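Asker: pasting a predicted model and its sequence here:
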Amino acid sequence: MFILLRRITPLLLLATTAACEEPPAPCHVSSVSYFARYRVLSQSGACNARIGEEVGIEVYPAGSHKGSEPSLPTIAVQSDFLGRARQEAMSFGSDLGGQRSYAIGPFMEVADADGICRAGDLAPAEITFPPQVFFDDLGMPFEVPGAHLRETWRDVRMHVTHSMPGLRFAAELTMENLTEGCKVTYEVSALSPSVGCGGLDFESPTPDDEDCSPAPDPGTGNLIGSGIDPRIPTRCDAATLHCVLVGSPLDPL
């Protein structure tokens, strides 16, 4: 009997351990905008490099988006620049048809063993804007030339846990102006929510790390805090006057 118990006990421990293993975390993203800080990796031509901007991400259930991989969720990623450009062009009567201001492709449903959710190959965001005629204060017409713009997002990754959705993401972004023949590729480090940190003096803003703190500070008029998860280390970036990540977006917390 004693020998039998010795044989059964390891099996019971193994079964108990397996039953207690935590399932993979779901690949949830933030419901509000990210602020993406850009670092130039390469540049050709005379494109003006961006240093950072807001980025929106949406994830759709498997099979819910036309043309998507039926067994995987679909992720869409849109920069503020291209989203605004499309919106403004349409407000002035441009017919852009089905051209997209967002990149789109497959996304993991649950994180891998390292807690990383990855996007697959994303179809680029690409729009050809027609030339437009405007009028100055004297009623004289002037033409703004058109542009063929393309943004390609690669290697989109975010670290998630059961207690924290994808509030940070890393990626590589290539922005092209095919009309002017220029291209810039960036390393992307993004944080949600997007929080400004330039203080209340709009004429001479000063970077302030306290603006990034999740703790309220009634003495400075900050009654609710930044809204950033307190587990995420941040600082105020002087170049963009936005709260940005300290360290990698993929660092475990």
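Answerer: It's in.
Asker: can you point out the buried residues in the lengthiest strand in the chain?
Answerer: In the chain, taking DSSP state E as the definition, the longest strand is strand 147-159. Using 16 or more other C-beta atoms under 10 Å as the test for burial, strand 147-159 gives Ala147, Leu149, Arg150, Glu151, Thr152, Trp153, Val156, Arg157, Met158, His159. Every C-beta, even on glycine, is put in place using the N, C-alpha and C of the backbone.
Asker: cool, stretch 212-226 as well?
Answerer: Within stretch 212-226, the residues scored as buried using 16+ other C-beta under 10 Å are Cys212, Ser213, Ser226.
Asker: the longest strand of the chain: what's the following helix or strand?
Answerer: strand 168-177 (DSSP states H and E).
Asker: next, the angle from that following strand to strand 147-159.
Answerer: Put simply, strand 168-177 runs at 170 degrees to strand 147-159, going by axes from the mean of the first three to the mean of the last three C-alpha atoms, to 10 degrees.
Asker: packing partners of the longest strand of the chain?
Answerer: strand 74-79, helix 80-91, strand 103-106, strand 116-118, strand 125-129, strand 168-177 (3 or more C-beta pairs under 8 Å, 6 or more residues apart in numbering; DSSP states H and E).
Asker: tell me the strands beside the first one, with direction?
Answerer: Paired neighbours of strand 74-79 in the sheet (DSSP bridges): strand 52-60 (antiparallel), strand 103-106 (antiparallel).
Asker: ok, residues contacting the longest one?
Answerer: Taking contacts as C-beta atoms under 8 Å, 6 or more residues apart in numbering, the residues outside strand 52-60 that touch it are 27-30, 33-38, 68, 73-81, 83, 102, 107, 169, 188, 190, 194, 237, 239-240, 242, 244.
Asker: of these, grab the buried ones for PyMOL.
Answerer: A single PyMOL command selects the buried members of the contacts of strand 52-60 (16+ other C-beta under 10 Å):
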select buried, resi 27+28+29+30+33+34+35+36+37+38+68+73+74+75+76+77+78+79+80+81+83+102+107+169+188+190+194+237+240+242+244
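Asker: perfect, that will be all.
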